[in-house]
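Undergrad: sequence and predicted model, in that order:
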Amino acid sequence: ARVFVPEMGGCRVLGQASGGWRRGLGIRATSTAAGFGTKARHQLQRRGASKPSDPPGDQPFPGLLRPGTFSREELVDVLRAAVVDRKGPLVTLNKPQGLPVTGKPGELTLLSVLPELSRSLGLGEQEVQVVRASGKEASGLVLLSSCSQTASRLQKFFTHSRRARKPTATYCAVTDGIPVTSEGKIQAALKLEHIDGVNLVVPVQSPSRKDIMEGVKRTLSHFRVVATGSGCALVQLQPLTVFPSQLQAHMALQLCPVLGDHTYSARVGTVLGQRFLLPVESTKPQRQVLDEALLGRLCLTASQAARLPLHLHLHCLRLPGARPRDPPIELLAPLPSYFSRTLQCLGLHYQ
C-alpha cells in the first residue's frame, strides 16, 4: 500500500518545490493568530496572509505556551487543538515550542501522552507512532501515524532521501546576525559531550577515523537567507543529516545564532563590532545577550529577552506523492504568533 494523502486541509498541499526551496513561505502572519488549532489560524491560511500585520501588542511573546506547567489533561487538550490535518492514518500537529517529544520516565512529553491523545482524537486503542517531529526547543510540524506500515514506509522514504541528499524538512529561523552568503551549505563534524551535567553539541576539527567510530558525526545543512533587517535575518534551513541541536550549532558556527538560543549563542563573541567564535571548552551555556538596538526593535527589556523563545520552526515537510511519478506533497505549519511578531518588529518580510 502506498502512502496517499490527497488533500491536506489545514496544512495546504502545494505542488513540487523547485530546486528544493519553497518559492514562498506563506508566513506573513498577523500577530493575533495563535497558530495552534485556532479559528484565526485557519482564516489566516485561507487569506494567504496577504494583508499587513497589525501593530505588535504589549504582549512580548503572544501565543507562547509553557508546556512544562501543564497537567496531562491540559497537554492533551493543547495537542488536540494543535492538529492541523488528519488524513487516513496520518495526523499532523503544530507542536508548541518547549514541548519535548521524548524524555526520562515520568516526564511529561508528547510520547508520554500519545495514548490519551489517540483516544481524544477518536483513534481508540490504536497505537500511534511519531514519524517525524521538531525538537523540544523548536516549534512546528509533528507527523503521527496510527498505521505501523505507513509509518515504516515514511521512515524509509526519509532515510532514502537523506542518503540521496534530498531535503525533506524546511525550518524557518530568525538569526541574530546575517550570514555572509545568501545561500550555501554548512558542514561540520559534531559530537555530544556531557559537560557540567548537560549534554552539549561540540564541533570537532578534522575528525579522525577513531573519532567517527566514537560518535563524532559529519553533519550537513543547507541554508537560504529570505530577508534581512535590523542586523537579523529570516533564514530557511534544511538539515541533510540528523543530529541533536544540529541547526542551532550550525548557525552558531556561522556567527549568526538563532534568536532565543540560550545554549549555543554564548559561543559567539563580539569585539569592536566583529564577531568570532569563542573556545567551546571555556564557554558555558547562558542566556542570549542582545544589543540595546535589537532589544529596542523587539520592544523587549533585558529581563524579557532572557525568556525569549527559540525562533526555530519546522515549517514544511515533504512526503512522497500518491504514485511514484507524482510530485511530493508538502505539509505546512503556520508560524507561532511570537515568531510573527518578531518578523514584524524587525521588518522581515518574504518578497
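TA: Perfect, I can see it now. Treat the numbers as computed from the prediction; the structure is a model and nothing was measured.

Undergrad: now stretch 293-312: buried residues?
TA: Neighbour counts using 16 or more other CB atoms under 10 Å place L294, L295, R297, L298, L300, A305, L308, P309, L310, H311, L312 of stretch 293-312 among the buried residues. Just so you know, the C-beta spots here come from the backbone N, C-alpha and C atoms, and that holds for glycine as well.

Undergrad: and that stretch, how far out from the chain middle?
TA: Distance, stretch centre to chain centre, for stretch 293-312: 19 Å (CA atoms, centre = their mean, to the nearest Å).

Undergrad: what about it, start to end distance?
TA: 22 Å (CA to CA, to the nearest Å).

Undergrad: and the contacts of it?
TA: Defining contact as CB atoms under 8 Å, 6 or more residues apart in numbering, one finds that stretch 293-312 is touched by 56, 60-61, 64, 97-98, 134, 137-139, 171-174, 176, 230-232, 237, 247-248, 258-262, 287-288, 290, 336, 338-339, 342, 345-346.

Undergrad: from the centroid of the protein, which residue is nearest?
TA: Centroid check for the chain by CA atoms, centre = their mean gives H313 as the closest residue, at 2.8 Å.

Undergrad: that one falls within a strand, correct?
TA: Yes - according to DSSP: H, G, I helix; E, B strand; the rest coil, the state of H313 is that of a strand.

Undergrad: list the contacts of it.
TA: The neighbours of H313, taking CB under 8 Å, 6+ apart as the test, are S134, A138, S139, G140, Y171, C172, A173, A333, L335, P336, F339.

Undergrad: show me what it is bridged to.
TA: On the basis of DSSP bridges, H313 is bridged to S139, C172.

Undergrad: ok, it to G68 distance?
TA: 19 Å (CB to CB, to the nearest Å).

Undergrad: ok, R287 next?
TA: From R287 across to G68, the span is 17 Å (CB to CB).

Undergrad: S134 - nearest residue in space that isn't next to it in sequence?
TA: Using CB to CB, 6 or more residues apart in numbering and skipping the chain neighbours, the partner closest in space to S134 is L314 (3.8 Å).

Undergrad: verify the stated contact: the one you found with A333.
TA: Yes - L314 lies in contact with A333 (CB atoms under 8 Å); the separation is 6.7 Å.

Undergrad: which of these two has more neighbours?
TA: A333 (30 against 26; other CB atoms under 10 Å).

Undergrad: who are the contact partners of that one?
TA: For A333, the contact set (CB under 8 Å, 6+ apart) comprises C11, G35, V84, T92, N94, S139, G140, L141, H313, L314, H315, C316.

Undergrad: now do the contacts for the last one.
TA: C316 makes contact with R22, L141, A169, T170, E330, L331, L332, A333, according to CB under 8 Å, 6+ apart.
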